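1. Provide a 3D model corresponding to the input given below.
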Amino acid sequence: MNPYALIDLHCDTLIALTDEDFHLLTAIQDPARREAALASLSSRVRGTDTLDLPGRHFSLSAIPQDVHWCQCCAIFVPDGLSQEEAASYYDMHQRSFHRQMETLADRVRPCRTAAEIEAAWEQGRAAAILTVENGSALAGQLARIETLARDGVRMMTLTWNGENEIASGNVTDHGLSSFGREAIRELERHKIVVDVSHLNDRSFFDVLDIAQKPFAASHSNARSVCGHRRNLTDEQVREMVDRKCLIGLNYSHDFLRTGERPAGLEDLYRHVEHFLELGAEHCLALGSDADGADVPDTLNSPAKTAGLYQYFLGRGLSQEQAEGILWKNALNFVKEME
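-> Predicted structure coming up:
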């Protein structure tokens, strides 16, 4: 038996560009040449249905027919772009998202609310939620938050790994900027969920000082289980539990375990157990990082991810706990944030 539904808080499937493309963009110093490169990449994005390509971690065609699916689709904006380039990069991919929603309308529906998600499921379609990975998409302008909200963006990580106008990512050491504090207020006002995945610890605790609403860590695991600085400390998890936040389990090998052995389902479950020990039963969800990370073979497709329901039951979780992780906690969070 498959679960009634599954909500995945993070994938990079929307992005049609390769690592080579990113290196191309960040290596070009001349502004005119970089703009020309962006224009060239834009033409490729316009013609690619990235959400239904075979052989990827996520594809609409690969969703099991008996599973209601909701996929958060991130516009990943790479570090190293100028403000203008970051804005153009975001704009390019949000247009691609909405074009694909029209092209693939018989199978997927763009959603902003829990009611729209459930309506898509009732219609036999997948639900898609537009998100942003890296607040550099704002290009240092608070007014762009209203633009993102109008585009249907419902969640945004404040940074990627580096530092931007808002805050510092996990490979840098500064905290939230004054602009970042204003941005959090505006994001909350426009009902865009603040996503703390990728933040360094200093920036995380700065967010605690300013945030008035629950926030999310869309794709982060437990640092006590895997010591990567991208993962959450026990103190951070407890703060998120107290604030009724949401935490998405990340399938990336690098964030599941240390050492050379490939990660597997048992490694993911170790994180589940630890989160539950910290009281996160109603905060825990899925945040696969599909098509943006190296994930275990046991989790590299929608069908295998849906199999987590039976796996969790087999490991001793209750039906309520398993359903909570796969979809109920995330859906309840969306309802509370409306």
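
2. Which parts of the stretch 101-250 of the chain are helices?
-> In the stretch 101-250 of the chain, the helices defined using DSSP state H, counting those that start in this stretch lie at 114-122, 143-151, 178-189, 201-210, 234-242.

3. what about the residue nearest to residue 190 when sequence neighbours are not counted, how many residues close to it?
-> For residue 190, ignoring the flanking residues on the chain, the nearest one in space by CB to CB, 6 or more residues apart in numbering is residue 149 at 4.0 Å. Placement of C-beta: from N, CA and C, glycine included. Burial measure for residue 149: 17 neighbouring residues, criterion other CB atoms under 10 Å.

4. do residue 98 as well
-> Neighbours of residue 98 under the rule other CB under 10 Å: 14.

5. Check residue 274 too.
-> Applying the criterion other CB under 10 Å, we find 18 residues in the vicinity of residue 274.

6. Number of residues surrounding the residue nearest to it when sequence neighbours are not counted?
-> Among residues not flanking residue 274 along the chain, residue 222 sits closest, at 4.6 Å (CB to CB, 6+ apart). Other residues near residue 222 number 26, with proximity taken as other CB under 10 Å.

7. show me the contacts for residue 222.
-> Contacts were defined as CB atoms under 8 Å, 6 or more residues apart in numbering; by that measure residue 222 touches 231, 232, 234, 237, 271, 274, 275, 278.

8. got the contact list for the fourth one?
-> Spelled out, it's residue 237. The contact partners of residue 237, by CB under 8 Å, 6+ apart, come to 222, 247, 275, 278, 280.

9. so what's the second one bridging to?
-> Spelled out, it's residue 247. Applying DSSP bridges to residue 247 yields these beta-bridge partners: residue 217, residue 284.

10. can I assume it is in contact with residue 214?
-> No. With contact taken as CB atoms under 8 Å, residue 247 and residue 214 are classed as non-touching, separated by 11.0 Å.

11. These two: who's more crowded?
-> More crowded of residue 247 and residue 214, by other CB under 10 Å: residue 247, with 31 against 18.

12. Would you mind measuring from that one to residue 175?
-> 21 Å (CB to CB, to the nearest Å).

13. out of the contacts of residue 222, which one sits closest to residue 78?
-> Minimum distance to residue 78 across these is 21.8 Å, recorded for residue 231 (CB to CB).

14. any idea how far the closest one is from residue 273?
-> Going from residue 231 to residue 273 by CB to CB gives 15 Å.

15. the more surrounded of the two?
-> Relative neighbour count places residue 231 above the other of residue 231 and residue 273, with 23 against 15, counting by other CB under 10 Å.

16. How about that one: what's its closest non-neighbour residue?
-> Sequence neighbours aside, residue 223 is the residue nearest to residue 231 in space, at 3.9 Å (criterion: CB to CB, 6+ apart).

17. residue contacts, that neighbour?
-> Residue 223 makes contacts with 229, 231, 232, 233, 234, as judged by CB under 8 Å, 6+ apart.

18. same check, this time on residue 298
-> Applying CB under 8 Å, 6+ apart, we find residue 298 in contact with 264, 265, 304.

19. neighbours of the first one, just the number please.
-> So the one you mean is residue 264. For residue 264, the tally of surrounding residues (other CB under 10 Å) stands at 15.

20. And it, how close does it get to residue 270?
-> From residue 264 across to residue 270, the span is 10 Å (CB to CB).

21. tell me what the particular helix or strand that has residue 85 in it is packed against?
-> Secondary-structure assignment from DSSP states H and E places residue 85 in helix 83-103. If contacts are counted by 3 or more CB pairs under 8 Å, 6 or more residues apart in numbering; DSSP states H and E, helix 83-103 sits against helix 31-46, strand 68-76, strand 108-110, strand 126-133, helix 143-151.

22. Tabulate those (JSON lines), appending mean pLDDT and distance to residue 309.
-> Converted to JSON lines, the helices and strands packed on helix 83-103 look like this (pLDDT from 0 to 100; distance: least, CB to CB, whole Å):
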{"stretch": "helix 31-46", "mean pLDDT": "67", "distance to residue 309": "34"}
{"stretch": "strand 68-76", "mean pLDDT": "97", "distance to residue 309": "12"}
{"stretch": "strand 108-110", "mean pLDDT": "98", "distance to residue 309": "22"}
{"stretch": "strand 126-133", "mean pLDDT": "98", "distance to residue 309": "17"}
{"stretch": "helix 143-151", "mean pLDDT": "98", "distance to residue 309": "33"}
